[in-house]
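In: just to be clear, the model below is a prediction. Sequence and coordinates:
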Amino acid sequence: MAVLSKIFRSLAEAESAQNALREAGFERDSLSLSSQADEAGPVEGNFVVGNGRDDPALGSAPTPDSGGESDNPYQRNFSDQSAEGIFLLTLEAEEAQHGHAIEIMSRCGAIDVDDLTAMRSNSSG
């Protein structure tokens, strides 16, 4: 048995890959998904102020929108949350199965660990 690790930029992509691998016959116990992001850090869309979604035309008072709902800063700031980070999916399987697993993971947006390291090295230098 050998371990295969791939990185995903969103939890949705990582979970999609994990589910696709299970559907392809890989055992649940052979898969591990972990987050490499700081769980205490903010995600986009969870700020009460300073989230960049201020609409000066609306002012600070809630006003009804076309659906009759009030449009206020709280709704704008919390309506579109997204969690991004680095999600690591590992698979323990026979090396002969790695090619099939890589193909499945790639369709779901997998990034090779070495490729990510190279991208970070190029952007910092």
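Out: Here it is on my side, so go on. Only a predicted model underlies this, so the values are computations on that prediction, with no experimental measurement involved.

In: who touches stretch 24-32?
Out: The contact list for stretch 24-32 (C-beta atoms under 8 Å, 6 or more residues apart in numbering) reads 18, 21, 22, 89, 90, 91, 92, 93, 97, 100, 101, 104. C-betas here are computed from N, CA, C, even on glycine.

In: residue boundaries of the strands in the chain?
Out: Applying DSSP state E to the chain gives strands spanning 2-10, 31-35, 63-64, 70-71, 84-93, 111-112.

In: hey, least reliable of those strands by pLDDT?
Out: Note on the strands of the chain: lowest mean pLDDT is at strand 63-64, with a mean of 49.

In: lowest-scoring secondary structure element of this structure by mean pLDDT?
Out: Least confident element among the helices and strands of the chain, by mean pLDDT, DSSP states H and E: strand 63-64 (a mean of 49).

In: about what we covered before: which of the contacts of stretch 24-32 are buried? Put it as a ChimeraX command.
Out: Filtering those down to the buried ones (16 or more other C-beta atoms under 10 Å) takes a single ChimeraX command:
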select :18,21,89,91,93,97,101,104
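
In: now the contacts of stretch 24-32 as a markdown table including distance to residue 3?
Out: Below are these laid out as a markdown table (distance: C-beta to C-beta, whole Å):
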| residue | distance to residue 3 |
| --- | --- |
| 18 | 15 |
| 21 | 14 |
| 22 | 17 |
| 89 | 11 |
| 90 | 6 |
| 91 | 7 |
| 92 | 5 |
| 93 | 8 |
| 97 | 12 |
| 100 | 16 |
| 101 | 11 |
| 104 | 16 |
